[in-house]
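>>> pasting the structure only:
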């Protein structure tokens, strides 16, 4: 297996995170690189969803992945098997990434030859939502076993995201998960939220999600 | 349904959280009240596990529950239906509780007439693990759909907990979850960790967990 490069990122020194995030977005626009910030709870299926997404788009787009984790490199090793450029960011215990930390990752991965960079944020529904990373768009994954009440309990992340992937629909028969209710609650928080029910395991529903992402990247990069 | 009392807790002013936590534990010891800090990811089943635990122990122990959430009172409303004393703590966006915040809750719920208080912490595997709340013991729930690799990715919480409940074992057939591996990884982090595989939904395995908790409370309270 390809050896994964691990970067120990430092807490950001910037007082004004939003301004730094805007500057990063400006640079990404110039370089024609689309940065997606992908958030979720631990175990919602970020890495599996990403593997499927890479499989669907890697022939058309040059993709890079930055895996952020408190510790361990298990996810980056899985991503590396797809052949796309990937690095592991260790946050040193930090529960989120801000713009400065994201920029350290972008410098290490090198965005010149990439159309799409996905930042797989730390598994957490609270803290990552509070910081603009400089990403063009935010997406989150909620998995069926977590329950349909999550937009009521973790409002901010549903508000700041542009896309909501509802993963693990293959196990819907085994859980008391109400798809209509989760859509209603999520749209209460954010009426513009694009919602994609998928099973990253079986591939069901992935086409609508990857079509949305493809269109996003092409629009941003003038492709 | 009983109206739930909601407390807006403020960020703590104490510089030395560990000292405050020790002071709270000392007071709880004197009052013969056992405080359990229960942590997990969002959707791992804290509330359902708690409902089963209350059902098993409420005839022998006087129980109180403090539900901590960013927002919403859906969990406290469910707990209130059991008839035990319960309050809802709103953290105002904060991702964890520290000792000072926990103490605000303890004052509101009133511990004089309680043998066991359970603090249901904010759903998050990162931040709550960093703060001693003053609890006698820490327990966490990991649910089967989250995957068996979590002790590798979120090491601290497995280190600071005394008990690990592995919930949703009723759906084991539908997930690639290796029970031997999770036990091995969890014990790597913390060899003394007590592990209880359960299904809070069906009740399977709950007896071992409630027996452990009963013994804990009786020991602390000299009952």
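Perfect, thanks for sending it. What you are looking at is a predicted structure, and each value in this text was computed from that prediction instead of being measured.

>>> stretch A:95-108 vs chain B: in contact?
Yes. Applying CB under 8 Å from any CB of the partner chain, one finds stretch A:95-108 touching chain B at residue A:95. Quick note: C-beta positions are derived from backbone N, CA and C, even for glycine.

>>> tell me the contacts of the residue positioned nearest the centre of chain A?
Centroid-nearest residue in chain A, with CA atoms, centre = their mean: residue A:38, separated by 1.2 Å. Going by CB atoms under 8 Å, 6 or more residues apart in numbering or on different chains, residue A:38 touches A:46, A:49-50, A:118-121, A:139-141.

>>> now, which of those residues lie within helices?
Using DSSP state H, the members of the contacts of residue A:38 that fall within helices are A:46, A:49-50.

>>> which parts of chain A sit against chain B?
Residues of chain A lying near chain B by CB under 8 Å from any CB: A:41-43, A:69-72, A:74-75, A:93, A:95, A:122-127, A:130, A:143-147, A:149-150, A:152-156, A:168, A:170-171, A:174-175.

>>> please list only the buried members of the residues you listed.
A:41-43, A:69-70, A:72, A:75, A:95, A:122-127, A:143-147, A:149-150, A:152-156, A:168, A:170-171, A:174-175 (16 or more other CB atoms under 10 Å in any protein chain shown).

>>> now tell me which helix or strand of chain A has the poorest mean pLDDT.
One helix or strand of chain A scores below all others by mean pLDDT, DSSP states H and E: strand A:5-8, with a mean of 78.

>>> and that one, which strands flank it?
Looking at strand A:5-8 with DSSP bridges, its partner strands are strand A:85-90 (parallel).

>>> downstream neighbour of the strand it pairs with in the secondary structure list?
Reading on from strand A:85-90 to the C-terminus, the next helix or strand found by DSSP states H and E is helix A:99-109.

>>> packing partners for that next one?
The contact analysis (3 or more CB pairs under 8 Å, 6 or more residues apart in numbering or on different chains; DSSP states H and E) places helix A:99-109 against strand A:5-8, helix A:17-31, strand A:34-40, strand A:63-69, strand A:85-90, strand A:116-120.

>>> try 6 Å this time
Helix A:99-109 sits against helix A:17-31, strand A:63-69, strand A:85-90, with contacts defined as 3 or more CB pairs under 6 Å, 6 or more residues apart in numbering or on different chains; DSSP states H and E.

>>> show me how far that helix is from its chain's centre.
With CA atoms, centre = their mean, to the nearest Å as the basis, the distance from the averaged C-alpha position of helix A:99-109 to the chain average is 15 Å.

>>> now do the buried residues in it.
Residues of helix A:99-109 classed as buried: A:99-106, A:109 (neighbour count, 16+ other CB under 10 Å).

>>> just the angle for that helix relative to strand A:34-40, thanks.
120 degrees (axes from the mean of the first three to the mean of the last three CA atoms, to 10 degrees).

>>> list the contacts of helix A:99-109.
Under the criterion CB atoms under 6 Å, 6 or more residues apart in numbering or on different chains, residues A:7, A:9, A:12, A:14, A:17, A:20-21, A:24, A:64, A:66, A:87, A:89, A:133-134 lie in contact with helix A:99-109.

>>> next: stretch A:91-98.
Contacts of stretch A:91-98 (CB under 6 Å, 6+ apart): A:12, A:17, A:68, A:70, A:121-122, A:124, A:127-128, A:131, A:133, B:126-127.

>>> nearest to residue B:83, out of those residues: which one, please.
Closest approach to residue B:83 among those (CB to CB): residue B:127, at 31.7 Å.

>>> list the contacts of the closest one.
A:95, B:95-96.

>>> quick check: bridge partners of residue A:167?
residue A:143.

>>> would you check that it makes contact with residue A:45?
Yes. With contact defined as CB atoms under 6 Å, residue A:167 reaches residue A:45; the gap is 4.4 Å.

>>> mind listing the shared neighbours of the two?
With CB under 6 Å, 6+ apart as the test, residue A:167 and residue A:45 both reach A:141, A:143, A:200.

>>> ok, these vs residue A:79, which is closest?
residue A:200 (13.5 Å).

>>> verify the stated contact: that closest one with residue A:52.
Yes. Using CB under 6 Å, residue A:200 is in contact with residue A:52, at 5.1 Å.

>>> who's more crowded, these two?
residue A:200 (26 against 20; other CB atoms under 10 Å in any protein chain shown).

>>> any idea which element that one lies in?
Here residue A:200 sits in a region with no helix or strand, counting by DSSP H and E.

>>> can you pull the contacts of it?
A:45, A:48-49, A:52, A:167.

>>> same thing with residue A:34?
Applying CB under 6 Å, 6+ apart to residue A:34 gives the contacts A:116, A:136, A:217, A:220.

>>> hmm, back to that, could you dump the contacts of residue B:127 to CSV with pLDDT and distance to residue B:32?
Below are these laid out as CSV (pLDDT from 0 to 100; distance: CB to CB, whole Å):
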residue, pLDDT, distance to residue B:32
A:95, 89, 35
B:95, 89, 32
B:96, 90, 27
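
>>> could you export those residues as TSV, including distance to residue A:190?
As requested, the contacts of residue B:127 are exported to TSV (distance: CB to CB, whole Å):
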residue	distance to residue A:190
A:95	22
B:95	20
B:96	25
